[in-house]
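Q: build me a structure from this.
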Amino acid sequence: MFQPLGQLGTLVQAVWSASVPGERGVKKSLYSDAGSGIVFTLGGDVAIGGEVLPQGVILLPVSTQAETIELSPAAQLAGIRFHPAAGFGVLGQHYDKPTLLSPQHDQLYQLYRLYAELCLQANSECRVDALLQWADTTLNVTQPVPDALQKALKVIGQDKAPGQLSARNDLSQRQIERLFRHWLRMPPKRYQRILRIKKVIGFLQMQPKANLAEVAQQFGFCDQAHMTRQFRAIACVTPGQVFAPAGLPE
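A: This next block holds a predicted model:
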């Protein structure tokens, strides 16, 4: 279950909750979006990239390549997904892999207090409400991502070439690249590739019978082969293997 974010949308892509009813598990692709997030594992087994996550508060790395999530029967989890760069602004550091937050390092946001509250909720709707209430009262929606980086992210989002960033900014190209590596752990060109693949995936999920050569041209790839190479590197599938949304179950 997902929920509209209102003013929180400046920092957060989604607040969500998921569960697996019945006796069959779920396996899905989580496509890269250059963002990071927090996952609360509330029950059952949850594995990302083949690694089983412990129960508790899990801090996620910046997403640069697709991963597979596996949920056992009766698995329950919830989470917050931040926009690119916003996660670093909120959490204050990057993580190399999904990392269990130590209670000793939980002074800033009291995430284990939120975790205990989520465990008491009866369903996904109640968990999402609890997450939204926490975010509304705890997160600073004006928490700064540098203006220069915000401008650069917007320019790339409009499909402008990364080499044009300095012309639309007060910083040099090298300074902008340093910002990207510090806040997103990747250069602007890598971010652009991830964003482009994400857009194509969304399009193909809505238009599964689209002509792939025409899709490649529409989204700025040299040709279909170029698009396929980028898909394999970032989405870990070919464009023809994108059929259904990769979001979590309700």
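
Q: elements contacting the helix or strand of the chain with the lowest mean pLDDT?
A: With mean pLDDT, DSSP states H and E as the measure, the helix or strand of the chain carrying the lowest mean pLDDT is helix 147-157 (a mean of 86). Helix 147-157 sits against helix 173-183, helix 188-206, with contacts defined as 3 or more CB pairs under 8 Å, 6 or more residues apart in numbering; DSSP states H and E. For every residue, glycine as well, the C-beta is placed using N, CA and C.

Q: got phi/psi on the closest residue to residue 56 other than its chain neighbours?
A: Distances taken as CB to CB, 6 or more residues apart in numbering put residue 100 closest to residue 56, at 5.3 Å, once the chain neighbours are dropped. The phi and psi values for residue 100, taken as degrees, to the nearest 10, are phi -70, psi 120.

Q: picking up where we left off before, just the helices and strands packed on helix 147-157: most buried one?
A: Per residue and on average, the most neighbours among the helices and strands packed on helix 147-157 fall to helix 188-206, with a mean of 19 (mean count of other CB atoms under 10 Å).

Q: dump the C-alpha coordinates for it into CSV.
A: Coordinates of each C-alpha in helix 188-206 appear next as CSV, following Å, rounded to 0.1, in the frame of the first residue of the first chain:
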residue,chain,number,x,y,z
PRO,A,188,26.2,12.7,-13.3
LYS,A,189,26.4,10.4,-16.4
ARG,A,190,25.6,7.3,-14.3
TYR,A,191,22.6,9.1,-12.7
GLN,A,192,21.3,10.0,-16.2
ARG,A,193,21.5,6.4,-17.3
ILE,A,194,19.6,5.2,-14.3
LEU,A,195,17.0,7.9,-14.7
ARG,A,196,16.6,7.0,-18.4
ILE,A,197,16.2,3.3,-17.7
LYS,A,198,13.7,4.0,-15.0
LYS,A,199,11.6,6.1,-17.5
VAL,A,200,11.7,3.3,-20.1
ILE,A,201,10.7,0.7,-17.6
GLY,A,202,7.7,2.7,-16.6
PHE,A,203,6.8,3.2,-20.2
LEU,A,204,7.1,-0.5,-21.1
GLN,A,205,5.1,-1.6,-18.1
MET,A,206,2.2,0.6,-19.5
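
Q: quick one: mean pLDDT over it.
A: Helix 188-206 carries an average pLDDT of 94.

Q: quick one: that helix to chain centroid distance?
A: Distance of helix 188-206 from its chain centroid, counting by CA atoms, centre = their mean, to the nearest Å, is 13 Å.

Q: middle-most residue in this protein, spatially?
A: Centre of the chain computed as the mean C-alpha position; nearest residue by CA atoms, centre = their mean is residue 35, 4.0 Å away.

Q: need the pLDDT of it.
A: Note on residue 35: pLDDT of 95.

Q: for residue 162, same thing?
A: On the pLDDT scale, residue 162 is placed at 63.

Q: from residue 44, how far off is residue 38?
A: Using CB to CB, to the nearest Å, residue 38 is found at 18 Å from residue 44.
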